[in-house]
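In: Okay, sequence plus prediction incoming.
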Amino acid sequence: GGAALALVGAVGVLWHAQPDDAPIKQLAAWQRLASPGDLSAAHSRLEGDCGACHTTVIGASRTKCIACHATEERLLIWPELTFHASVRDCRACHPEHLGASAPPTRMDHVALATMGLGLLTSGESEAGRSVAQHLSSWIAESPVGSDEPGASRLAPAEAVLQCATCHAESDAHRGMFGSDCGACHGTSGWVIPESRHPSNASTDCAQCHRAPPCHSTPHFKKVCATVAGQPNAAVRDCHSCHQVTAWNEIRAVGWYQSH
C-alpha cells in the first residue's frame, strides 16, 4: 500500500513538474518510471509504445501478440510449433523488458505443461477434465526430482509432456529408442554428461544408429563405399567406413561431406 502511494505520488510530481505545453515529454516521463526495462532487439521498434502490447488494467495480452504474429504461418505449419494455436499466455515463454541483448524466447516446459492441463480442465470433454485432474494431483504429490539411478531427469510437470510431439523432427535416434526421451534426457539440454561412446573398435553401431536414407539407394555403393575404399561393405558395417568422432569422419580419408 505504502509503495503504491509513493509511486502515485512520484508520478504526480513528474506530471505537474512538466510544462503544460509538453504532453509528449510528460508521457515519456511516465513510461520511463513504469517500464521495467528495455525491450528485446526483436521488439525494439515498439519502445515507448506501451499500447502495442499492453491493455489498460489487464496488462500484456495474448490478443495483442496475435495481432502482430498472426501472419507468421510457420507457427502453425511446422510440426514442432503447432502448439501455438492453443497457447493462452505468450509471456510464459516469451519474456520481455530484459534488454536488447536478451533472447525473446525462454523455453519453460513446466509452463507448457501447465497450459496444456489448463486447456484440458476448461475443455468440454469430461474425459479430458478427468485426465487433467489426475495428472495435476500426480504432479502435486510427486517429488521434484530424484538422484536414483534410472530415475527420470524430468520434473513431474515436465514428465506429462510427450517430447516427440515437438521433437520428432530433431530426433537423432530416428525413432530407434522410442518416444520416452525423459528416460535419458533432461529439458535443460540434449547432452547427457555421463554418456560415453563405445571405442573406435566397436562393431555394434547399428544398435543405436540408423543409416541415412542415401544408404538405401545406389548412392551407397557408387559414392559412399567407393570414397571410403570399402567397395564390399554392407550398410550395417558402419565401423568399416565411419569413426566414432563424427559420421563424416571417414577412416583413411578424414572429414568428408558428400551432401
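Out: Here it is on my side, so go on.
In: Show the contacting residues for the most centrally placed residue in the chain.
Out: By CA atoms, centre = their mean, the mean C-alpha position of the chain lies nearest to Met107, the distance being 4.3 Å. Contact analysis of Met107 by CB atoms under 8 Å, 6 or more residues apart in numbering lists 93, 187. The C-beta positions use only the backbone N, C-alpha and C, and glycine is treated the same way.
In: Now it: phi and psi?
Out: Phi and psi for Met107, reported as degrees, to the nearest 10, are phi -70, psi 120.
In: Quick check: pLDDT value at it.
Out: Reported pLDDT at Met107 in the predicted model: 83.
In: any idea how far Lys222 is from it?
Out: 42 Å (CB to CB, to the nearest Å).
In: cool, Gly229 as well?
Out: Counting by CB to CB, the gap from Gly229 to Lys222 is 14 Å.
In: where do the strands sit along the stretch 1-150 of the chain?
Out: 54-55, 59-60 (DSSP state E, counting those that start in this stretch).
In: Make a markdown table from these and add mean pLDDT and mean neighbour count to it.
Out: Output for the strands of the stretch 1-150 of the chain, formatted as a markdown table (pLDDT from 0 to 100; neighbours: other CB atoms under 10 Å):
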| stretch | mean pLDDT | mean neighbour count |
| --- | --- | --- |
| strand 54-55 | 86 | 13 |
| strand 59-60 | 83 | 14 |
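In: Adding distance to Ala211, write those strands out as TSV.
Out: Formatted as TSV, the strands of the stretch 1-150 of the chain follow (distance: least, CB to CB, whole Å):
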stretch	distance to Ala211
strand 54-55	53
strand 59-60	48
